[in-house]
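[1] got a predicted model here, sequence first, then my questions.
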Amino acid sequence: MQSTHHFLSLIVPSYKKEETIVSNIRRLQEVLNTVRYDHEIIVVVDGMVDKTFQKLKKAKLDKTTILAYKRNQGKSYGLRIGMLHAKGDYVMFIDAGEEIDPNGISMLLEHMEWYEADIIVGSKRHPASIVHYSVARRILSLGYYILVKMLFGITIKDTQAGIKIFRKKVISKVLPRLVEKRFTGDLEILVVARRLGFKRMYEAPIKLNYHFAGLSSAATLSTIWGMFIDTMAIFYRDKLLDYYSYPTKRSRIGRTIKKIVPGPYMHVGQNTSQ
C-alpha cells in the first residue's frame, strides 16, 4: 500500500455562479475539513461576466485560491488553468453547483487508496450511485458510453460526470497534450492518460440530483451536437494523427494559459494555513 500522507488540490470551475458560489465553496470546505488530508481549493472563474469573482474575493475563504479571466473559454479550459496551479499530489475537480453531493469526495479518495489508482472517476452509472435525472438524460448517457467504448476502447461507463481525481504524475504527463476547451475535456484527459499507459482507472459511486427536466440547461441539443463534434475531434487526433503522443506539439499551451491569468485576477484566500 502506498503512503496515505497526501495533499489534495480541489479545482472548482465556475461560470455565472454569483448567487451560489460562496455557499458552495463553504460547503466544500466543511467536507474537506473532515477528510484526513490537508488540502487547497482552486476556484476558476470562467469569464468575469457577473459578480462571481468579486463575491469570492470578498468572502475571504480559507485555503482557497481564486483564478479568473475576462472572457468565457469553457469548463475544460478552466480545468487546465486550475491544474497548472495545483500543488497537491492528488488533483481533483468537482463541478460548481449542488448537483453532485460533495460528501462523495471522501468516497473517491478512499477508492484511490483501495485500488492504488491513477484515476478515479465519479460515475452516475456505478451500481451504488444514487442519481435523480430524467429518462432523456439516462438515454443520452448510455448512448455516449457506447460511442466512447466503440471509438476509444475505454470501459469507464460515465466519462462526463463532473467529479474526478488524479495523481499529480498523471496530470503532469497529460496536461501539455490537452486541446479541448469546452464540452469533452473530461474524455480527452482519460483518452490521453490511457494512451500514455495510465491504465489504473476505476469508477466510484456518487450522489447526483439534477434540478432540471428534459433536455434543458446543459443537455440542450446544441450541447449534444457540440459534444459529438468534440468527441470526433479527439478520435481524429488520437487514432489518425497520433497527436497525443507528442507533448511538444502543445507545449505552448502552458505558457499561453499563464499569460491569460494576470496578477489582478488572482486572489489567494486569507488564513491559508491552519
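    The structure has been received and is ready for your questions.
[2] how long is stretch 56-75 from one end to the other?
    18 Å (C-alpha to C-alpha, to the nearest Å).
[3] what about the closest residue to L109 other than its chain neighbours, how many neighbours?
    Once flanking residues are discounted, L109 sits nearest to V35: 6.1 Å by C-beta to C-beta, 6 or more residues apart in numbering. From N, CA and C alone the C-beta is placed, and that goes for glycine too. Residues lying near V35 (other C-beta atoms under 10 Å) number 14.
[4] contact partners for V35?
    L8, I105, S106, L109 (C-beta atoms under 8 Å, 6 or more residues apart in numbering).
[5] now S9
    H39, E40, I42, G82, A86, K87, G88, Y90, V91, M92.
[6] swap in 10 Å and give it another go.
    Contacts of S9 were listed using C-beta atoms under 10 Å, 6 or more residues apart in numbering, and they are 39-42, 65, 82-83, 85-93, 165-166, 168, 171.
[7] go on, T231?
    With C-beta under 10 Å, 6+ apart, T231 has these contacts: Y144, L147, V148, L151, F152, T159, E180, F183, T184, L187, E188, V191.
[8] try 8 Å this time
    Contact partners of T231, counting by C-beta under 8 Å, 6+ apart, are Y144, L147, V148, L151, T184, L187.
[9] just the element for the nearest residue to the last one once chain neighbours are set aside, please.
    This points to L187. Among residues not flanking L187 along the chain, T159 sits closest, at 4.7 Å (C-beta to C-beta, 6+ apart). T159 belongs to no helix or strand when assigned by DSSP states H and E.
[10] coming back round to it: just the contacts of V35: which are in strands?
    L8 (DSSP state E).
[11] are any of the contacts of V35 buried, and if so which?
    L8, I105, L109 (16 or more other C-beta atoms under 10 Å).
[12] and the residue nearest the centre of the chain, what pLDDT?
    When C-alpha atoms, centre = their mean is applied to the chain, the residue found nearest the centroid is F93 (4.0 Å). Listed pLDDT for F93 reads 98.
[13] thank you, goodbye.
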